[in-house]
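S.K.: Model the following, please.
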Amino acid sequence: MIEKQHWHPVALAHDLTGTPQAVQLLGHDLVLWRDATGAVHAWRDQCPHRGARLSLGRVQGGQLECPYHGWRFDAQARCVHVPALPAFTPPATHCAHAHGAHEAHGLVWVRLENGEADGDTALPVFTAETDARLRKLNCGPYDVAASAPRIVENFLDMAHFGFVHEGSLGMRSAAAIDDYTVQPTPTGLLATQCKAWQPQSNLHSTAPAQVEYTYEVTGPYAAVLTKVPDAAAVAIAGYRESIALYICPITPETSRVWFRLAVADFESADDTLRAFQHGIFMQDKPVLESQRPARLPLDARAELHTSADKASAAYRRHLKSLGITFGVC
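M.R.: Numbering: from 1, shown residues only. Modelled structure (predicted):
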């Protein structure tokens, strides 16, 4: 599975403290934990001794202890102590199954396998991350009974604004989509000159306005939108925002979703900023969960398309070219 060679978000970084945490990714059960230095680790949630869940154990002296027989594993996943045989020195073959783990964008990311070519598939890029003029915070997680590709496609779609988000991101009376440009990129696609008439494009909108969007697919299950509203329709001077969508594909038809917000607003409370994004996604969620099939069809003949769907069509072609099989049909 090519999906195993990509990085995927699995948890909020600040939620992982002293207790092991169980997560799922691509149908696999994993345990997350931090060692004495604070470094994050992601292992198969299965003790190699008798198969107990390591996530039921504890971190002791910077090592992960199995809940069943107390075997301890160090940060390199090697067993270093077997309580039933205190004088025994475990051989190198006595080890847990470790995966790649990394922290970025306020999340813990896991890669199940190294890439065959260079062994270093990049994390999805969020260029707004280094922009000091923008404040960053995460929104979520949201557990969604829909495939990760269906959720990405919805994120790229503007034609639903006037119906799913009527009164905020869209209006039924202004649902027409102007032509826009889509070009392929190494990570997916870039869609520019995307325009929408929005009654309230953001938390600080003071009047309806034409808003220009840019969309970028940054990974198989990740995307970023950047929008700049009409300056006269926003209370904050120079307001703009970028929103990254990060999805953990749990099973082919279930996902966990986070949004990484980067906004030119340093005054509003975190909960206020999150509430606006939460309200938008809660309108999307039931529609996403209603779609059949739950997996995204990659056969161009499986669903109907128009020129307004060119971004989603390009996304489907990209997944097919990568050989993605998880969450698609």
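
S.K.: For the rest of this, base every contact and every neighbour count on C-alpha atoms.
M.R.: Noted.

S.K.: So for stretch 72-87, what gets flagged as buried?
M.R.: 72-75, 77-82 (16 or more other C-alpha atoms under 10 Å).

S.K.: Find the pair from those residues with maximum spatial separation.
M.R.: The span of the buried residues of stretch 72-87, defined through C-alpha to C-alpha, is set by A75 and V82 at 16.1 Å.

S.K.: and the gap between the closest residue in space to W7 that isn't next to it in sequence and P149?
M.R.: Spatially, and ignoring its direct neighbours in sequence, W7 is nearest to R111 (4.6 Å; C-alpha to C-alpha, 6 or more residues apart in numbering). Distance from R111 to P149, counting by C-alpha to C-alpha, to the nearest Å: 18 Å.

S.K.: and these two? which has more neighbours close in?
M.R.: P149 (29 against 22; other C-alpha atoms under 10 Å).

S.K.: Test my guess that that one contacts C329.
M.R.: No. Applying C-alpha atoms under 8 Å, one finds P149 not in contact with C329, separated by 10.5 Å.

S.K.: joint contacts of the two?
M.R.: Jointly contacting P149 and C329 under the rule C-alpha atoms under 8 Å, 6 or more residues apart in numbering are 295-296.

S.K.: buried set for stretch 188-197?
M.R.: For stretch 188-197, burial by neighbour count (16+ other C-alpha under 10 Å) applies to 188-192, 194-197.

S.K.: Same check on stretch 258-271?
M.R.: 258-265.

S.K.: Look up the closest residue to D143, ignoring the ones flanking it.
M.R.: Spatially, and ignoring its direct neighbours in sequence, D143 is nearest to R256 (4.5 Å; C-alpha to C-alpha, 6+ apart).

S.K.: for F326, same thing?
M.R.: Spatial nearest neighbour of F326, excluding adjacent residues (C-alpha to C-alpha, 6+ apart): P252 at 5.4 Å.

S.K.: Quick one: neighbours of the one you found, just the number.
M.R.: P252 has 21 neighbouring residues, counting by other C-alpha under 10 Å.

S.K.: biggest helix in the chain by residues?
M.R.: Using DSSP state H to define each element, the chain has its longest helix at helix 270-290.

S.K.: after that helix comes which helix or strand?
M.R.: Later in the chain than helix 270-290, the nearest helix or strand by DSSP states H and E is helix 310-322.
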